[in-house]
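> below are the sequence and a predicted model for it; my questions follow.
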Amino acid sequence: MSTILVKTNVGPETTKVRMLIKHPMETGLRKNKKTGKKIPAHFIKTVTCDLNDKNVLTADWSIAISKNPYLSFIIKGAKASDVLKISWVDNKGEHDTRQGKLSEL
């Protein structure tokens with residue numbers, strides 16, 4: 001099961017893409033209340049979005065992004081049959097990708 005939830009609204013001129021990524025996004029600065037030890041950093045470093053194999057968005061993130069981050073953006077000139085691919089990679093090398101036609105996401 002993908003950790004990326006996506007909703008798209010395809011309009012005549014623009015398409016709105018909204019996504020929620022399930023991820024803990026730990027800063028590495030918080031301490032475990034029971035042990036007092038720091039919780040290791042675990043955060044998304046890069047999010048990329050490609051439309052028909054052409055990059056339309058690259059976001060470089062760090063520890064300042066909240067748990068289960070939400071991202072929204074608009075694409076001009078997209079059609080319902082266009083293929084959107086969304087990928088992320090975190091600082092531990094974990095990753096996920098979700099891909100599909102705009103009308104099916």
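On my side now, so go ahead. Numbering: from 1, shown residues only.
> how many residues are close by Asp90?
The criterion is other C-beta atoms under 10 Å. On that basis, Asp90 has 19 neighbouring residues. C-beta here means a position set from N, CA and C on the backbone, and glycine is covered the same way.
> residue contacts, the nearest residue to it once chain neighbours are set aside?
The spatial neighbour of Asp90 that comes closest, neighbours along the chain excluded (C-beta to C-beta, 6 or more residues apart in numbering), is Ile44 at 4.9 Å. Residues in contact with Ile44 (C-beta atoms under 8 Å, 6 or more residues apart in numbering) are Ile21, His23, Met25, Trp61, Ile65, Pro69, Trp88, Val89, Asp90.
> the residues you listed in strands, which ones?
Members of the contacts of Ile44 lying in strands (criterion: DSSP state E): Ile21, Trp88, Val89, Asp90.
> looking at the residue lying closest to the third one once chain neighbours are set aside now. What's its pLDDT?
Same thing as Val89. With sequence-adjacent residues excluded and distances taken as C-beta to C-beta, 6+ apart, Val89 is closest to His95, at 4.5 Å. Looking at His95, its pLDDT is 97.
> kindly report the same for Asp60.
98.
> tell me, how many residues neighbour it?
Asp60 is surrounded by 9 other residues when neighbours are defined as other C-beta under 10 Å.
> can you classify the closest residue to it other than its chain neighbours by secondary structure?
The shortest distance from Asp60 to any non-neighbouring residue, by C-beta to C-beta, 6+ apart, is to Thr46 (5.8 Å). The three-state assignment at Thr46 reads strand, by DSSP: H, G, I helix; E, B strand; the rest coil.
> give the burial count for Thr46, as a bare number.
For Thr46, the number of neighbouring residues by other C-beta under 10 Å comes to 14.
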